[in-house]
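A.B. asks: What follows is a protein structure lacking sequence information:
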């Protein structure tokens, strides 16, 4: 086996093993009680004490078993509500508890069908998978939970009618003991709410309490359940990003004063905390340069996943009013939107709420380039091809050196054969003579692997970008490719739509054989790339090379269309580069001759 073919085999097998490992390890995806009893006091940042907020929950009217849509409609009707209407959001706020618990995203639909429902982000208690934001005050000093607003407080609408752009609303509640609480809510054109809580003390004694915000989810939410994707708690604490999956929250240590399994972190200056899904996020963001306590907890009895931002205790003297402001992001993880909140509104590290993964140093710049190419071209599929061209241009010096080295290796074949004959079975002598030959001729036998090896982290990073960024969700290419984040929907099993039956369901065992047009083009592009060189004389090598394109074709058939588009473009450009470089080195590849030899009937070995 000559060294050139060894390098090609090694590079191809290495790439195959990595993709195979990726495919195996990361396969494609496949009623509540409130606890408002007082709990033990906790020490806050200023040394004074206040009780931790209770479990978010909330009393609800029992709902008979119905469909999810009916359960949600019934739950929404349980309390008076304020309408939310902005260019990006629609929904309502419950006056009981002042909860932001009904929110849909105007610009995103559940499926590609333009008549499908808008994506629902937040839902009230009593509906399936309740998910909401709640604000309140934790009692300190002589106050009890009855003296401060919480999950079931009956707020009154004081000013405003509909929460919208430049149209805030104010809620008011009087505890009847000299304390008047107000909550002013506003929202911008994207996904950011600003909630300002205030308390006015008209009594004769000082009142102590601590404002808080809660994001709660009832029951473990449906997730993509994909190893490379983070879904669960995401928070920034003094510049440190922390992620915690939903499945890990029940394993948190039990903290008695929390009446839950929890992790509590004191943040001194900047931070935020909330829940993130694949494309959506709900996050509490206290004021900059303000200390707070960041809490992630799971309440086993109520099966509630909860994140909290607790502010320090505030002392409200008679005749005074104290306020506390917290922002709430509830919406889509759009790169431009989140970057603007980070760079223009000063939310530290907010762009890291997008799951960039281990190769973030590649993933971030790759997405940046892809995003701007899309802005220039207007088609995400063409932007992926443009990105491929840029990557290949950057790697061209390495590829050129590699291909030239491979050409020189071909020229050295006669000398290498003589060395093998001379060395015989003496492997040490063979290795020594070969190394001297490489050194004398200035050839690196390993350089042939480098272009493919360099593609591996780029492949993973682009896969991450296509899988997790919302900009690729439902992004069309041409023709039948309506969503580059999903597999090619066409199928060879129904002759790409010519036969009158649908392709297998994605959960079917037959989906592996349901190859679309793009995976087939991928296999052909890999096969053509091999035909730049004659088939290896060694039968093992020849068999590996013969099967490799078609194995990759089946393996990548269920990957996102955008990734397959990248791989096809990469193979096509590599073929062109290698052909031109080989011609420049005086070797004219006989592509058509190599193709013809593939289909010639093999003569049986002479006996």
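C.D. replies: Nice, thanks for sending it over. Keep in mind the model is a prediction, meaning the values are calculated, not measured.
A.B. asks: domain assignment for the chain?
C.D. replies: Segmentation of the chain into domains, based on automatic domain parsing, reads 3-23+367-599, 31-222+295-334.
A.B. asks: average pLDDT across the longest one?
C.D. replies: Read that as domain 3-23+367-599. The predicted model gives domain 3-23+367-599 an average pLDDT of 79.
A.B. asks: Centre of the chain to it, how far?
C.D. replies: A distance of 26 Å separates the C-alpha centroid of domain 3-23+367-599 from that of its chain, computed with C-alpha atoms, centre = their mean, to the nearest Å.
A.B. asks: how about the nearest residue to residue 306 once chain neighbours are set aside, what does it touch?
C.D. replies: Distance criterion C-beta to C-beta, 6 or more residues apart in numbering; nearest residue to residue 306, sequence neighbours excluded, is residue 216 at 4.7 Å. C-betas here are computed from N, CA, C, even on glycine. Taking C-beta atoms under 8 Å, 6 or more residues apart in numbering, we find residue 216 in contact with 56, 57, 130, 131, 132, 134, 304, 305, 306, 307.
A.B. asks: Could you rerun that using 7 Å?
C.D. replies: Applying C-beta atoms under 7 Å, 6 or more residues apart in numbering, we find residue 216 in contact with 56, 132, 134, 304, 306.
A.B. asks: Tell me which of those residues fall in strands.
C.D. replies: Filtering the contacts of residue 216 for membership in strands, criterion DSSP state E, returns 132, 134, 304, 306.
A.B. asks: For the spatially closest residue to the second one that is not a sequence neighbour, give me phi and psi.
C.D. replies: Distances taken as C-beta to C-beta, 6+ apart put residue 214 closest to residue 134, at 4.5 Å, once the chain neighbours are dropped. Backbone torsions of residue 214, given as degrees, to the nearest 10, read phi -130, psi 140.
A.B. asks: Numbering from 661 from now on, please.
C.D. replies: In the new numbering, first residue 661, that becomes residue 874.
A.B. asks: Can you name the residues bridging to residue 874?
C.D. replies: Using DSSP bridges, the bridge partners assigned to residue 874 are residue 794, residue 968.
A.B. asks: thought it was touching residue 715?
C.D. replies: No. Residue 874 is not in contact with residue 715 according to C-beta atoms under 7 Å; the separation is 9.2 Å.
A.B. asks: How is the nearest residue to residue 974 once chain neighbours are set aside assigned, secondary-structure-wise?
C.D. replies: In space, and not counting its chain neighbours, residue 974 is closest to residue 982: 4.7 Å by C-beta to C-beta, 6+ apart. State at residue 982, reduced to three classes by DSSP: H, G, I helix; E, B strand; the rest coil: strand.
A.B. asks: Residue 982: what's it in contact with?
C.D. replies: Applying C-beta under 7 Å, 6+ apart, the residues contacting residue 982 are 858, 859, 974, 976.
A.B. asks: so which of those residues would you say is closest to residue 844?
C.D. replies: Nearest to residue 844 out of the contacts of residue 982 is residue 858 (C-beta to C-beta; 7.5 Å).
A.B. asks: Am I right that the closest one sits in a strand?
C.D. replies: Yes. Membership of residue 858 in a strand is supported by three-state DSSP.
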